[in-house]
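> Show me the folded form of this:
(2 chains)
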Amino acid sequence: MNAKKTNRIAAGVIYFLVGIVILLLIGIIGNILITGVPHLSWHFLSSESSSFKAGGGIRDQLFNSLYLLLLTLLISLPIALGAAIYLAEYAPDNWFTQLIRTTIEILSSLPSIVVGLFGYLLFVVQFGLGFSILAGALALTFFNLPTLTSNIEEAIKGVPQTQREAGWALGLSNWKTIRGIVLPAALPGIITGVILSAGRVFGEAAALIYTAGQSGSTVDYSNWNIFSPTSFLNIMRPAETLAVHIWKVNTEGIIPDVNVVSAGTSALLVIVVIIFNFGARALGNWIYKRLTAAKIK
Amino acid sequence: MTYVMEAKNVKLKYGDFEALHGISLAFPAQKLTALIGPSGCGKSTFLRCLNRMNDDIDGINITGEILLEGKDIYNSHIDLVGLRKKVGMVFQQPTPFPFSVFDNVAYGLRIAGVKDKELIKQRVEESLKQAAIWSETKDSLQRSALAFSGGQQQRICIARALAIRPEVVLLDEPTSALDPISSAEIEETLMALKQKYTFIMVTHNLQQASRVSDQVAFLMNGELIESGSTQEMFLAPQKEITNNYLNGRFG
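Residues are numbered from 1 along each chain as shown, chains lettered A, B, ... in the order given. Model (predicted):
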């Protein structure tokens, strides 16, 4: 067989394999959107879910998902940022940092149901937090930290070494170089990393079933007292998220319109994650442009 | 002739490997000294000793003395920030920070604790003028420095180094990443700035060394083979090997 022919066959095989992947993706996302989008309505988004009757919405689940995500990021971002700065800038290359990296890798491949059960035993039972948004956010932090840390570490490592040297040459200390030059330069990458991991967190169900709980207690959106059990801001109340809701209505739901609710919820979930992904890219580009191109006052 | 900086028997080791075998060289004030030699001869390593940029490399050991205004910069009492304020540096690749032109040039001043806004403004303008980039940046000081061309970025970096009024500016192949026109502009800038500052420049470009330098030091395999005034070195070097290198018989 001559080289030209081999080349053509190899290219053909590669195109074929890529085609399978694209087809699968389009099939899954298309199916979810086609079956789900027709059920999305303002009523669906703005009304409470129903336990027995048809026609329930997902207002609380949507809010809970966003609120939980916000809390998770509030907890995990500072930790991940610190860890990533350490790993990228300070960590010497020895057995200890190797151990940290290996631990992070293992943690990131931990099945989320294991994270959920661990969170249940530690936060819900041991710390007595009960099924609560806080317990859920802590479990999601465990789930989120490894990915977030390595995303941020990559962004920081992507800043050219010459930038650091230029900082040192101006008489900046190592920390001032990192804070004043490296972090701003890595910002677009860091933000992209944060939003991408947010998409993962947003769709997570298994880690939340045993931590944030499922029972959608009555939520009062006009009650701003975070200590009140019915306040929407109370972090000690149990909270069902979109992903958990899909799981629940399908396994133990007795509402007659299970298919409608789960299809609509799935579509909403996918749409939000897609928005996150495109938003991450757009925001990253926008910030990069702000930092690099015309900003004429 | 007065000397701003003087290296005495500087040796540098990475672990067991000795990269510089005792280099002694004095740098005259308000002159440009060119460090030349084949790749890997240690000229950049030596240059980076002069503002202690090699300090953080694992297993490094530097002995000998480097005197700046009579004081050894490797003395443990020396303040690194203070040293680097006196000995600035410009790198091979332009290294503008991802900020506006103004903030780039003002950065060193702000770090040094200068609060007076008028003074900063005045110093930024002056430095940009000195680096011959004022006319191209004066209407877009708030534009990101990264939006400029390579040659312009390099001159912004020179302005940034000049803004803190250093005694000595180290140049590590400052034009090797630039096109010939930008290189020529940088050379002109350096010629003009020599009245005020002392430059020490590593370059691979022998013509450039002959055009802009006053003193030339030829290094090979970690050793200083010969140094002298540019004219002497190019017209009548003492050593055969220097003559061969300068005439392009090896490179």
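
> per-residue confidence at B:Ser229?
For B:Ser229, the model assigns a pLDDT of 94.

> Identify the bridge partners of the closest residue in space to it that isn't next to it in sequence.
In this structure, B:Ser229 finds its nearest non-sequential neighbour in B:Gln215, 6.0 Å apart by Cβ to Cβ, 6 or more residues apart in numbering or on different chains. To be clear about C-beta, it is placed using only N, CA and C from the backbone, and glycine gets the same treatment. Per DSSP bridges, the residues bridged to B:Gln215 are B:Thr33, B:Ser229.

> can you check the one 5 residues further on too?
Beta bridges link B:Met220 to B:Glu223, judged by DSSP bridges.

> Hmm, B:Gly37 and it touching each other?
Yes: assessed by Cβ atoms under 8 Å, B:Met220 is found in contact with B:Gly37 at 5.3 Å.

> any shared contact partners between those two?
When contacts are counted by Cβ atoms under 8 Å, 6 or more residues apart in numbering or on different chains, B:Met220 and B:Gly37 have B:Tyr245 as shared neighbours.

> Looking at the two, which is more packed in?
B:Gly37 (25 against 19; other Cβ atoms under 10 Å in any protein chain shown).

> dump the residue contacts of that one.
B:Lys43, B:Phe218, B:Leu219, B:Met220, B:Ile225, B:Tyr245.

> and the residue lying closest to the last one once chain neighbours are set aside, how many neighbours?
Once flanking residues are discounted, B:Tyr245 sits nearest to B:Phe218: 6.5 Å by Cβ to Cβ, 6+ apart. The criterion is other Cβ under 10 Å. On that basis, B:Phe218 has 25 neighbouring residues.

> Can you name every helix or strand that the helix or strand containing B:Phe218 contacts?
Following DSSP states H and E, one finds B:Phe218 within strand B:215-220. In terms of contacts (3 or more Cβ pairs under 8 Å, 6 or more residues apart in numbering or on different chains; DSSP states H and E), strand B:215-220 is packed against strand B:17-28, strand B:32-36, strand B:223-229, helix B:230-235, helix B:240-246.

> Identify the residues contacting the fourth one?
What that stands for is helix B:230-235. Against helix B:230-235 from outside (Cβ under 8 Å, 6+ apart): B:Ala34, B:Ala209, B:Ser210, B:Ser213, B:Asp214, B:Gln215, B:Val216, B:Phe218, B:Glu226, B:Ser227, B:Thr242, B:Leu246.

> which stretches of the chain form helices?
With no chain named, the answer covers chain A. Remark: helices assigned in chain A by DSSP state H are A:3-36, A:42-46, A:59-85, A:95-108, A:112-119, A:133-157, A:161-169, A:174-177, A:183-202, A:206-209, A:242-251, A:258-292.

> oops, I was thinking of chain B
Assigned by DSSP H, chain B shows helices spanning B:43-49, B:80-86, B:101-111, B:117-130, B:134-137, B:150-163, B:180-193, B:206-212, B:230-235, B:240-246.

> need these in TSV with mean neighbour count, can you?
What follows is these, written out as TSV (neighbours: other Cβ atoms under 10 Å in any protein chain shown):
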stretch	mean neighbour count
helix B:43-49	23
helix B:80-86	17
helix B:101-111	22
helix B:117-130	16
helix B:134-137	16
helix B:150-163	25
helix B:180-193	16
helix B:206-212	18
helix B:230-235	16
helix B:240-246	16
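
> give me the low-pLDDT residue ranges for the chain?
You didn't pick a chain, so chain A it is. A:1, A:215-217, A:291-297 (pLDDT under 70).

> Chain B was what I was after
For chain B (pLDDT under 70), the answer is B:251.

> Near chain A, which residues of it are found?
Residues of chain B found near chain A (Cβ under 8 Å from any Cβ of the partner chain) are B:51, B:53, B:80-85, B:88-89, B:91, B:93, B:95, B:97-100, B:107-108, B:111-112, B:140, B:142-144, B:146-147, B:157, B:160-161, B:164.

> The same query, at a cut-off of 7 Å, please.
Residues of chain B found near chain A (Cβ under 7 Å from any Cβ of the partner chain) are B:51, B:53, B:81, B:84-85, B:88-89, B:91, B:93, B:95, B:97-98, B:100, B:107-108, B:111, B:140, B:142-144, B:146-147.

> Of these, which belong to strands?
Secondary structure defined by DSSP state E assigns B:Gly88, B:Met89 of the residues of chain B next to chain A to strands.

> For residue 150, which residues are in contact?
By default, I'm working from chain A. By Cβ atoms under 7 Å, 6 or more residues apart in numbering or on different chains, the residues touching A:Ser150 are A:Ile104.

> actually chain B
B:Pro94, B:Ala177, B:Leu178, B:Ser182.

> for the residues you listed, which one is nearest A:Ile14?
For the contacts of B:Gly150, the closest approach to A:Ile14 (Cβ to Cβ) belongs to B:Ala177, at 36.5 Å.

> and the gap between the nearest residue to the closest one once chain neighbours are set aside and B:Ser176?
Nearest residue to B:Ala177 in three dimensions, chain neighbours excluded: B:Gln93, at 5.3 Å (Cβ to Cβ, 6+ apart). For B:Gln93, the distance to B:Ser176 (Cβ to Cβ, to the nearest Å) stands at 9 Å.

> ok, the two, which is more surrounded?
B:Gln93 (20 against 14).

> Find the residue at the geometric middle of the chain.
Unless you meant another one, I'm taking chain A. A:Ala198 (2.3 Å; Cα atoms, centre = their mean).

> To clarify, I was referring to chain B.
B:Leu170 (1.5 Å).

> quick one: A:Leu40 from chain B, how far?
A:Leu40 is 41 Å from chain B, where distance means Cβ to the nearest Cβ, to the nearest Å.

> Was I right to think that residue contacts A:Ala263?
No: applying Cβ atoms under 7 Å, one finds A:Leu40 not in contact with A:Ala263, separated by 9.4 Å.
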